[in-house]
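*Asks:* Would you be able to build a 3D model of this:
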Amino acid sequence: MVRAAATASQGRQSRAGQTARDVTPPPERVTHVMVTRDMSRRTLRFDKGDAVLSVVGVEKSYGRVAALRGVDLEVGRGEIVGLVGPNGAGKTSLVSIVAGLRRPDKGTVTVDGLDVAHHRDRVGAHLGLAPQDLAIYPTLRVRDNLVAFGELAGLRGRALRERLAETADALGLGDLLDRRAAALSGGQKRRLHTAMALIHRPPLLLLDEPTTGADVESRNQLLALVRSLADAGAAVCYSSHYLPEVEQLRASIVILDQGQVVARGPLDTLLGAHARAVVALVFDGPAPTLAIEGAVADGDRLRLPSDDPASTAARALAMLNGAAEHLVGVEIVRPTLESVYLAVTGRRYDAGGQASAAGEVSDVAVA
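*Replies:* Residues are numbered from 1 along each chain as shown. The predicted structure is shown next:
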C-alpha cells in the first residue's frame, strides 16, 4: 500500500536543540468495542503503553538545509500524536522517513517492532499512509481505488468486501462507490485518499495534513474517524498546521520547530507549563493602570495574566474606582495550543502554517 501511495506522491515531498520531556502513560490493558454505523460490534484489546512507532535520533538534510535534527518520537497503541509546526518545520520529511519513502541520514525508526531501514518490504502491512498530496487514481471508480489498495495490503475475498464496506461507510463514501474518482468533489477526494490508507486497519496511521482542501463536513467526518480508530487501538501520527484541529482530537502534542522537537506532552500539561489565562478589561478610552503584577495597558485594553481569572477579575473591578464608569467589557481569554507555541518558540503561529516573530501584545500570557 505504501508503495502505491509513494508512486502517486513521491517526488513532491522533498520540503525541508532541545529534547522535550515525553509524557508516557504506564502500560495498561484496555478493551474497546468499536460500533460501526450498521451497529455491528468489533472488540479489540491492546496494551496502551506499547510503542507502535519509535523514532530515535533521526537527522535529515537536503544539501545545506537541515530538515530534521535529532528527532525522538514515540506513538503508543491507542494514542493520537498531533505533530504540529509551520511549513518547513520537518513534518513531511519525518512522515516520509517513517513510511520508508526516504532514508534518514542518521537515527533509527521502528514500526510495530520492525526496523524500517532493514524491512521496508514488510513495513507497509503495518502502517497506512495518507500523504499530503492526493494519491488516488482519478480514472478508476471509488470502489476500484479501495480494492486496489486493499489487495496491495493482502486483503482478499470476504475480508476485502467487509473492510471496503466498513471503511466507505465510516467516511461517507458508500453512495459514491461506483463514481469515478475524477468526478468527486475536493472533500470527497480527500476522504477517499484517507480511506485507502486505512482499509487494512494497520496498527499505525500516518496522516499528513489529511484535511487540506476538505469542506467542513469532510473535516468533521475525518476527525471523528481518527478519534474512533485511536479509541479502537490504532496508533495515529497526525501531522497538521491547523492547531484547533489537533486540540479537537484531544491529541498528545509534539511541536516540531526548525527540525527539532521543542515540546511534547498532553495539551493540559503543556498549557500548565507554558501559558496562562488573561483577564482583559475593555474601556471606552485609554485603559488605566492597576497595581497588579503583570498588568499591561494596551490602548483601550488592560490585560491581566492570571492562574485564577475569576478572582483576578473581581480584584481588578474593585480597584477601578472612578475608572469603572469607562469600563465597557470584561473578557477572560483561555490559553490554547497557539499560546504554547508562542511560549516555546518565541514566534506566533497562524492557520496558514507560517510562524512569525511576536510583535503585538498577546491576548494570552506565556509562562
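*Asks:* end-to-end on stretch 98-116?
*Replies:* 7 Å (C-alpha to C-alpha, to the nearest Å).
*Asks:* Okay, buried residues for that stretch please.
*Replies:* Buried positions in stretch 98-116, judged by neighbour count with 16 or more other C-beta atoms under 10 Å: 98-102, 104, 107, 109-112, 114, 116. Heads up, the C-betas are built off the backbone N, CA and C, glycines and all.
*Asks:* Could you do stretch 77-97 as well?
*Replies:* Buried, per 16+ other C-beta under 10 Å, within stretch 77-97: 77-86, 88-97.
*Asks:* Out of those residues, list just those in helices.
*Replies:* Per DSSP state H, helices hold the following members of the buried residues of stretch 77-97: Lys91, Thr92, Ser93, Leu94, Val95, Ser96, Ile97.
*Asks:* Distance of the nearest residue to the fifth one once chain neighbours are set aside relative to Gly265?
*Replies:* Closest residue in space to Val95, ignoring its immediate chain neighbours: Asp208 at 4.7 Å, by C-beta to C-beta, 6 or more residues apart in numbering. According to C-beta to C-beta, to the nearest Å, Asp208 and Gly265 sit 22 Å apart.
*Asks:* Please say which of those two ends up with more neighbours.
*Replies:* Taking other C-beta atoms under 10 Å, Asp208 and Gly265 do not tie; Asp208 has more neighbours (24 against 20).
*Asks:* Tell me the bridge partners for that one.
*Replies:* For Asp208, the beta-bridge partners under DSSP bridges are Ser239.
*Asks:* Can you check the pLDDT for it?
*Replies:* Asp208 carries a pLDDT value of 91.
*Asks:* and what of Gly272?
*Replies:* Reported pLDDT for Gly272: 86.
*Asks:* which residues are in contact with the host helix or strand of Asp121?
*Replies:* Asp121 belongs to helix 120-123 when elements are defined using DSSP states H and E. Residues outside helix 120-123 that contact it (C-beta atoms under 8 Å, 6 or more residues apart in numbering): Val2, Ala99, Gly100, Val111, Leu114, Val116.
*Asks:* What strand or helix carries Val282?
*Replies:* With DSSP H and E as criterion, Val282 is part of strand 275-283.
*Asks:* Just the CA trace of that strand, in PDB.
*Replies:* Only the C-alpha atoms of strand 275-283 are listed here, as PDB (Å, rounded to 0.1, in the frame of the first residue of the first chain):
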ATOM      1  CA  ALA A 275       0.700  29.500  29.200                       C
ATOM      2  CA  ARG A 276      -1.700  31.400  31.500                       C
ATOM      3  CA  ALA A 277      -5.200  32.800  31.000                       C
ATOM      4  CA  VAL A 278      -5.700  36.600  30.700                       C
ATOM      5  CA  VAL A 279      -8.400  38.900  32.100                       C
ATOM      6  CA  ALA A 280      -8.900  41.700  29.600                       C
ATOM      7  CA  LEU A 281     -10.800  44.800  30.800                       C
ATOM      8  CA  VAL A 282     -12.100  46.900  27.800                       C
ATOM      9  CA  PHE A 283     -12.700  50.700  28.200                       C
END
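*Asks:* Sitting in helices, which of the buried residues of stretch 98-116 do you find?
*Replies:* Val98.
*Asks:* Return the member of the buried residues of stretch 98-116 nearest to Arg276.
*Replies:* Val98 (34.9 Å; C-beta to C-beta).
*Asks:* Pull the contacting residues for the residue lying closest to the closest one once chain neighbours are set aside.
*Replies:* Leaving aside its chain neighbours, Val98 sits nearest to Val109 (5.5 Å; criterion: C-beta to C-beta, 6+ apart). Val109 makes contact with Leu53, Ser54, Val55, Val56, Val58, Ile97, Val98, Asp115, Val116, Ala117, according to C-beta under 8 Å, 6+ apart.
*Asks:* what do you get for Tyr341?
*Replies:* Val84, Leu243, Ile255, Arg347, Arg348, Tyr349, Ala355.
*Asks:* Name the SS class of it, please.
*Replies:* helix (DSSP: H, G, I helix; E, B strand; the rest coil).
*Asks:* let's have the chain start at 8 instead
*Replies:* All right, first residue 8 from here; so that's Tyr348.
*Asks:* Show me the beta-bridge partners of the closest residue to Ala237 other than its chain neighbours.
*Replies:* Once flanking residues are discounted, Ala237 sits nearest to Ile87: 4.7 Å by C-beta to C-beta, 6+ apart. For Ile87, the beta-bridge partners are Val243 (DSSP bridges).
*Asks:* follow-up on the earlier one: strands - which of the buried residues of stretch 105-123 land there?
*Replies:* Gly114, Val116, Thr117, Val118, Leu121 (DSSP state E).
*Asks:* any idea how far Leu324 is from the second one?
*Replies:* Distance, Val116 to Leu324, by C-beta to C-beta: 55 Å.
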